[in-house]
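3D model of this:
(one chain, ligands or ions: 3)
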Amino acid sequence: MEFFPKIPTIKYEGKKSKNPLSFKQYDADKVIAGKTMREHLKFSMAWWHTMIADGTDMFGVGTMDKKFGAVSDMDVSKNRISAAFELMQKLGIGYFCFHDKDLAPEGDDLASFHKNLDIVVPLVKAEMDKTGIKCLWGTANLFSNPRYMHGAGTSCDANIFAYAAAQIKKAIDITVYFGGDGYVFWGGREGYDTLLNTDMGLELDNLARLLTLSRDYGRRNGFKGCFYIEPKPKEPTKHQYDFDASTVLAFLRKYNLMSDFKLNIEANHATLSQHTFQHELVVARINDALGSIDANQGDPNLGWDTDQFPTNVYDTTLAMLEVLKAGGFTTGGLNFDAKCRRPSMTHEDLFLSFIAGMDSFAFGLKAADAIMKDGRICDFTKNRYSSYESGIGKKIVSGDTTLEELYDYALNLGEYNVKESGRQEYLEDIFNQVMLSAD
Ligand code: XLS
Ligand code: CA
Ligand code: CA
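Ligands and ions are numbered 1, 2, ... in the order given. As a prediction, this is how the structure comes out:
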């Protein structure tokens, strides 16, 4: 059965096309810097937003049909599988990401939830085998069920810690069964609403204990991919422990988890933490921890986690610049953790949204490659630090100086001031000019 009968397979038609159901920028087989666009971009569908989110918000019920003609919870889950693979195939999306809870009804308790998963998960695998579509990462939803009101790994109740562990075990099993490349921990309620009732030290130690137990279980049971932490500063809690990339890196180092964990950077979470998307990607990259990306965008005038499809081509260009500088994705990819706006309620809007996001990142890749090839911005930055390549600068970098030597050196300089301009506006203009002529 076809769930989107009016939607054809989406093809690349080029910039001049006015056909809304076509790609204007994303030419999957085009080779850029030695790889096809498909290989560079590794697009992924987020099961929760695409197959489940129906437009429900705090002020009103859903506006979109995500039941795909089914009535019982189990049938809804099954129809979503067929619809998901039809959508991914028509768009040429090679990966998907999922929470355990996205795939099957929760039932009355954990045992019935896992029984439901055992029925549904092989159906997903059969579609994967048929289509060649892969799993980018899996995760467990440890934030929706009321039992996680105080957190999961950071709950004050040890029974809830055990529940979380059980859910993670099953979600890792499913990810391994799917051959998934990644496993994500996003700390939904791993934070606090007030410090008056919170033992922060114990909560952080317990969170690390849960991640360590999960890592060890995964490695013992065939998970060869990468574990990721996804930073976010707040929402739903007032303060989330995995606040931003730097905070997460300090946590991973403190608890000796750096060798198995990298970061999954989400654009909207970056801006929520008062950073730019580019900033969070740079922090991840320079720490060799750029794992994967949740591709979306927020709205600066709203200021919460709106999870919009990414259409800002400045941001996609800056993001792809960081991905290229990092040498491209290995286990990671671009997961559209994004949903249509509530009034964009038709199934066609789903396709139009993915097309907008894919074209925006495809353009970003082309523009980033052009900026790398143009070389002026990278060269400028490199030359800006050339004083560290010889003389006293070289000694500072190689660790061959002392504070005493620097004291004498500085005093001998007499009246000295920097001569180089930062040239921000000049660089921004180069960025614009190269980006606008990218093809
Ligand atoms: C929520 C997060 C979530 C994670 C996966 O804000 O983005 O969707 O990506 O649990
Ligand atoms: Ca996310
Ligand atoms: Ca989000």
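
which residues in the stretch 1-150 of the chain form strands?
For the stretch 1-150 of the chain, the strands defined by DSSP state E, counting those that start in this stretch cover 11-12, 22-23, 31-32, 35-36, 43-46, 95-99, 134-139.

among the ones you listed, which is nearest ligand 3?
Shortest distance between ligand 3 and those, using Cβ to the ion, is found for strand 43-46: 9.5 Å. Backbone N, C-alpha and C define where each C-beta goes, glycine included.

So which elements touch the closest one?
Applying 3 or more Cβ pairs under 8 Å, 6 or more residues apart in numbering; DSSP states H and E, we find strand 43-46 packed against helix 73-91, strand 95-99, strand 334-336, helix 347-374.

now, of these, which is deepest in the fold?
Of all the helices and strands packed on strand 43-46, strand 334-336 has the most neighbours on average by mean count of other Cβ atoms under 10 Å, namely a mean of 27.

how far out from the middle of the chain is it?
Chain-centre distance of strand 334-336: 6 Å, with Cα atoms, centre = their mean, to the nearest Å.

Partner strands of that strand and their direction?
Strand 334-336 has its sheet partners listed here by DSSP bridges as strand 43-46 (parallel), strand 290-294 (parallel).

That one vs ligand 2: in contact?
No. Using Cβ under 5 Å from the ion, strand 334-336 never reaches ligand 2; the gap is at least 7.4 Å.

any idea of the mean pLDDT for that strand?
The average pLDDT within strand 334-336 is 99.

And stretch 49-60, by the same measure?
Averaging pLDDT along stretch 49-60 yields 97.

Show me the contact partners of that stretch.
Stretch 49-60 has contacts (Cβ atoms under 8 Å, 6 or more residues apart in numbering) with 62-66, 80, 83-84, 87, 102, 307, 336-340, 342, 345, 350.

Can you tell me which of those are also in contact with ligand 1?
Checking the contacts of stretch 49-60 against ligand 1 by Cβ under 6 Å from any ligand atom, the ones in range are Asp337.

in the sheet, who's paired with the residue nearest to Lys134 when sequence neighbours are not counted?
Nearest residue to Lys134 in three dimensions, chain neighbours excluded: Tyr95, at 5.2 Å (Cβ to Cβ, 6 or more residues apart in numbering). Beta bridges link Tyr95 to Ser44, Lys134 when assigned by DSSP bridges.

give the contact list for the residue in the stretch 101-250 of the chain positioned nearest to ligand 3.
At 6.8 Å from ligand 3, Lys232 is the closest residue in the stretch 101-250 of the chain, using Cβ to the ion. Going by Cβ under 8 Å, 6+ apart, Lys232 touches 186-187, 240, 242-243, 266, 269, 272-273, 305.

Just to be sure, which of these are found in strands?
Residues of the contacts of Lys232 located in strands (DSSP state E): 240, 266.

pLDDT, distance to ligand 1 and neighbour count added to the contacts of Lys232, as JSON lines?
Formatted as JSON lines, the contacts of Lys232 follow (pLDDT from 0 to 100; distance: Cβ to the nearest ligand atom, whole Å; neighbours: other Cβ atoms under 10 Å):
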{"residue": "Trp186", "pLDDT": "98", "distance to ligand 1": "4", "neighbour count": "23"}
{"residue": "Gly187", "pLDDT": "93", "distance to ligand 1": "9", "neighbour count": "24"}
{"residue": "Gln240", "pLDDT": "98", "distance to ligand 1": "9", "neighbour count": "25"}
{"residue": "Asp242", "pLDDT": "98", "distance to ligand 1": "11", "neighbour count": "23"}
{"residue": "Phe243", "pLDDT": "98", "distance to ligand 1": "13", "neighbour count": "20"}
{"residue": "Glu266", "pLDDT": "99", "distance to ligand 1": "5", "neighbour count": "27"}
{"residue": "His269", "pLDDT": "98", "distance to ligand 1": "7", "neighbour count": "30"}
{"residue": "Leu272", "pLDDT": "98", "distance to ligand 1": "9", "neighbour count": "22"}
{"residue": "Ser273", "pLDDT": "98", "distance to ligand 1": "12", "neighbour count": "19"}
{"residue": "Asp305", "pLDDT": "97", "distance to ligand 1": "5", "neighbour count": "18"}
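
Redo the helices and strands packed on strand 43-46 as JSON lines? Include distance to His150.
Conversion of the helices and strands packed on strand 43-46 to JSON lines gives the following (distance: least, Cβ to Cβ, whole Å):
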{"stretch": "helix 73-91", "distance to His150": "27"}
{"stretch": "strand 95-99", "distance to His150": "20"}
{"stretch": "strand 334-336", "distance to His150": "28"}
{"stretch": "helix 347-374", "distance to His150": "35"}
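
Looking at the ones you listed, which is nearest to Asp299?
Nearest of the helices and strands packed on strand 43-46 to Asp299, taken as Cβ to Cβ: helix 347-374 at 14.9 Å.

and the helix or strand that that closest one is followed by, how far out from the chain's middle?
The helix or strand immediately downstream of helix 347-374 is helix 376-384, counting by DSSP states H and E. With Cα atoms, centre = their mean as the basis, helix 376-384 stands 29 Å off its chain's centre.

then helix 376-384 to PDB, C-alphas only?
Extracted as PDB, the C-alpha positions of helix 376-384 are listed here (Å, rounded to 0.1, in the frame of the first residue of the first chain):
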ATOM      1  CA  ARG A 376      41.500  33.400   1.400                       C
ATOM      2  CA  ILE A 377      39.700  33.000   4.700                       C
ATOM      3  CA  CYS A 378      41.700  30.000   5.800                       C
ATOM      4  CA  ASP A 379      44.900  31.600   4.700                       C
ATOM      5  CA  PHE A 380      44.100  34.800   6.500                       C
ATOM      6  CA  THR A 381      43.400  32.900   9.800                       C
ATOM      7  CA  LYS A 382      46.600  30.900   9.400                       C
ATOM      8  CA  ASN A 383      48.800  33.900   8.700                       C
ATOM      9  CA  ARG A 384      47.200  35.700  11.700                       C
END
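
Buried residues, that helix. List them.
The neighbour-count check on helix 376-384 (16 or more other Cβ atoms under 10 Å) flags Ile377 as buried.

same question, stretch 321-332
Judged by neighbour count (16+ other Cβ under 10 Å), stretch 321-332 contains these buried residues: 321-326, 328-329, 331-332.

Looking at the strands paired with strand 334-336, which one is packed in the most?
Most buried of these, by mean neighbour count (mean count of other Cβ under 10 Å): strand 290-294, with a mean of 28.
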